[in-house]
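Enquirer: Take this sequence and fold it.
(chains A and B)
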Number of protein chains: 2
Amino acid sequence: MSAEGARVDGVATDMVSVRERGLHYGDGLFETIACPQGVPRFLELHLARLREGCERLRIETPAAAALAREVHALLTPEVRAVVKLLVTRGVAQQRGYATTGRERPSRIALRYPWPAPPSAAAREGVRVRLATVRLGENPLLAGLKHLNRLEQVLARAEWQDPDIAEALLFSSSGQLISGTMSNVFLVRDGRLVTPRTDLCGVAGIMRGVVLKEAPACGIVATQELLRLEDLQGAQEVFLTNALTGIRPVRELAGVTLTPGPVTQRLQAQLAPLLHD
Amino acid sequence: MSAEGARVDGVATDMVSVRERGLHYGDGLFETIACPQGVPRFLELHLARLREGCERLRIETPAAAALAREVHALLTPEVRAVVKLLVTRGVAQQRGYATTGRERPSRIALRYPWPAPPSAAAREGVRVRLATVRLGENPLLAGLKHLNRLEQVLARAEWQDPDIAEALLFSSSGQLISGTMSNVFLVRDGRLVTPRTDLCGVAGIMRGVVLKEAPACGIVATQELLRLEDLQGAQEVFLTNALTGIRPVRELAGVTLTPGPVTQRLQAQLAPLLHD
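Expert: Numbering: from 1, shown residues only, chains lettered A, B, ... in the order given. Okay, here's the model as predicted:
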């Protein structure tokens, strides 16, 4: 399960500079890219999100072609894999938070094995808990898949049971935000709602695909401020993630849910896009 | 101004694993240690804070002796330097936030040159601005000097003027917290107050020294919830930092302040402890 291969700035290597601002400050962004047949899925969407993230953090955006090359260089045709791609502000030129303007962004790519095949539970729905950890709210960082992930590390450390797939997190003011590594959707009166990502949370790639594809199968989908009551009142709940697509929630904090028709229509709609 | 020397897990090297959880998640802590005569100042306090941070993040705490060795190995007697010491949860054993229990904490130490001698402005007081960036509130991370520092990077990027020494930050709910790289103290009716660090911010080493030493020179010091009005109503304002000790604020967001008697008494009280 460790990294099978890695590249930094176009060179195959397992090492980065001890002065990486990514290490010292989490000063960067990442993407986790499913490559189901040795081909990166939704690569354009991942690179577009990276570019937007770099612009918001004022990190010089590496050329999309250079980033795509790092990903492709780690892949073997027909062999499925996961590639994690990091872009940081680069190696520090001095001590401290300030930049000199001479930093050059780092491109770091790692290949990992494709996850174990989903269990029946994952196909039929997953069990989900509610996290105790709450997320700090910061509109400046909200939506970004940045490298400051201690909150997610702490939330993931709250359970060991391998049969629990995910924990849902709320923000400091009690807004429902997301899972530790997934976005969450609720079905309410036949309509689809997902938390806004302007206070905190990550604007996931699969979340974006679901929001885009929902109208094509006649489902109204909106982004809203949601709280625990909305979650408890939902007829269907599902999770999205770039690797696992749509996973219905069959148990939420001990309460049984039934994967329903809206979830199933969206799974059918997305299936041709995922071809894994 | 770049790292002059570095060590990782007891070995002199400039590189760390590309799978460092410190890089991927900011899953670790750091200390910036002044070594004014080639001797680490307040080393016991730094190591105690690291230990407390490791305990709160459930990172296995490296032996204090091993950490002290990393610091000392980078120093030359009588040559002043700054050593930054990082402890992370270690090299990831798998992809994702979850740990396997097989991770071993990383000890990373870097030596930097002693900062340029303070200008007259720094001795007589520094100019300070108010940051636009607000800090997310998370009691689980509050007080820790952890590696999730994007908020500080963004706050430090808000100004370029080298004559501005620091920016003061407020939290999402409007609490005064700290500078980007310093703690802040206000004098109000002869008493000393500093923001609590239980919502966000770092419990700085020099902040702790000031709180401990204040009673010895007859000054009552408390930690409180403070807001912009408290800052604006203060008779004296000063900043603390492990490298620079106490620095009076002589201009706050364009308003002139006069370094006053409480600040000066504390500077005199601390001087023998700083011997730089």
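
Enquirer: burial measure for A:K145, as a count.
Expert: Around A:K145 sit 20 other residues, with neighbours defined as other Cβ atoms under 10 Å in any protein chain shown. Every C-beta, even on glycine, is put in place using the N, C-alpha and C of the backbone.

Enquirer: and it, what is it in contact with?
Expert: A:29-31, A:49, A:53, A:202 (Cβ atoms under 8 Å, 6 or more residues apart in numbering or on different chains).

Enquirer: Mind doing that once more with 10 Å?
Expert: Contacts for A:K145 (Cβ atoms under 10 Å, 6 or more residues apart in numbering or on different chains) come out as A:28-32, A:46, A:49-50, A:53, A:86, A:202-205, A:242.

Enquirer: Low-confidence stretches in chain A?
Expert: Counting by pLDDT under 70, chain A contains low-confidence ranges at A:1-4, A:118-119, A:121-122, A:276.

Enquirer: Tell me which stretches of chain A form helices.
Expert: A:21-25, A:43-57, A:64-73, A:120-124, A:150-156, A:205-213, A:228-232, A:261-274 (DSSP state H).

Enquirer: Put together JSON lines for those, with distance to B:R127 and mean neighbour count on each row.
Expert: Below are the helices of chain A laid out as JSON lines (distance: least, Cβ to Cβ, whole Å; neighbours: other Cβ atoms under 10 Å in any protein chain shown):
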{"stretch": "helix A:21-25", "distance to B:R127": "24", "mean neighbour count": "27"}
{"stretch": "helix A:43-57", "distance to B:R127": "26", "mean neighbour count": "18"}
{"stretch": "helix A:64-73", "distance to B:R127": "41", "mean neighbour count": "16"}
{"stretch": "helix A:120-124", "distance to B:R127": "57", "mean neighbour count": "13"}
{"stretch": "helix A:150-156", "distance to B:R127": "32", "mean neighbour count": "23"}
{"stretch": "helix A:205-213", "distance to B:R127": "44", "mean neighbour count": "20"}
{"stretch": "helix A:228-232", "distance to B:R127": "46", "mean neighbour count": "14"}
{"stretch": "helix A:261-274", "distance to B:R127": "55", "mean neighbour count": "16"}
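
Enquirer: nearest to A:L186, of the ones you listed?
Expert: Across the helices of chain A, A:L186 has its closest neighbour in helix A:228-232 (6.2 Å, Cβ to Cβ).

Enquirer: what does that closest one rub up against?
Expert: Applying Cβ under 10 Å, 6+ apart, the external contacts of helix A:228-232 come out as A:128, A:130, A:168, A:170, A:174-176, A:184, A:186, A:188, A:193, A:195, A:224, A:237, A:249, A:252-253, A:255.

Enquirer: ok and the residue in the stretch 1-150 of chain A nearest chain B?
Expert: A:G136 (2.6 Å; Cβ to the nearest Cβ).

Enquirer: Was I right to think that residue contacts A:L154?
Expert: No. At 11.7 Å, A:G136 does not count as touching A:L154 under the criterion of Cβ atoms under 10 Å.

Enquirer: shared neighbours of these two, anything?
Expert: B:138, B:140-141.

Enquirer: of all the residues you listed, which comes closest to chain A?
Expert: Out of the shared contacts of A:G136 and A:L154, the member with the shortest distance to chain A (by Cβ to the nearest Cβ) is B:N138, at 4.0 Å.

Enquirer: who's in contact with A:G254?
Expert: So A:G254 contacts A:127, A:129-130 (Cβ under 10 Å, 6+ apart).

Enquirer: Show me what the strand ranked longest in chain A is packed against.
Expert: For chain A, the longest strand by residue count, based on DSSP state E, is strand A:126-135. The criterion is 3 or more Cβ pairs under 10 Å, 6 or more residues apart in numbering or on different chains; DSSP states H and E, and the helices and strands that strand A:126-135 contacts are helix A:150-156, strand A:164-171, strand A:176-179, helix A:228-232, strand A:236-241, strand A:245-252.

Enquirer: Distance of the residue of the stretch 1-150 of chain A closest to chain B relative to A:F170?
Expert: 11 Å (Cβ to Cβ, to the nearest Å).

Enquirer: what does A:G53 give?
Expert: The gap separating A:G53 from A:F170 is 24 Å, by Cβ to Cβ.

Enquirer: ok so, going back, for B:R41, find the nearest of the helices of chain A.
Expert: Between the helices of chain A, helix A:21-25 lies closest to B:R41; by Cβ to Cβ that is 21.2 Å.

Enquirer: how about the closest one against chain B, any contact?
Expert: Yes. For helix A:21-25 and chain B, the contact criterion (Cβ under 10 Å from any Cβ of the partner chain) is met by A:21-25.

Enquirer: now do stretch A:68-76
Expert: No. Using Cβ under 10 Å from any Cβ, stretch A:68-76 stays clear of chain B, with a minimum separation of 12.0 Å.

Enquirer: what sits against A:R104?
Expert: Contacts of A:R104 (Cβ under 10 Å, 6+ apart): A:9, A:60, A:62, A:89-91, A:93.

Enquirer: can you narrow these to ones near chain B?
Expert: A:89, A:91, A:93.

Enquirer: A:T100 is in contact with the second one, correct?
Expert: No. Taking Cβ under 10 Å as the contact criterion, A:V91 and A:T100 are not neighbours in contact, 11.0 Å apart.

Enquirer: So those two - more neighbours on which side?
Expert: Set A:V91 next to A:T100 and count neighbours by other Cβ under 10 Å: A:V91 wins out with 23 against 9.

Enquirer: Return the distance of that one relative to B:A6.
Expert: Counting by Cβ to Cβ, the gap from A:V91 to B:A6 is 12 Å.
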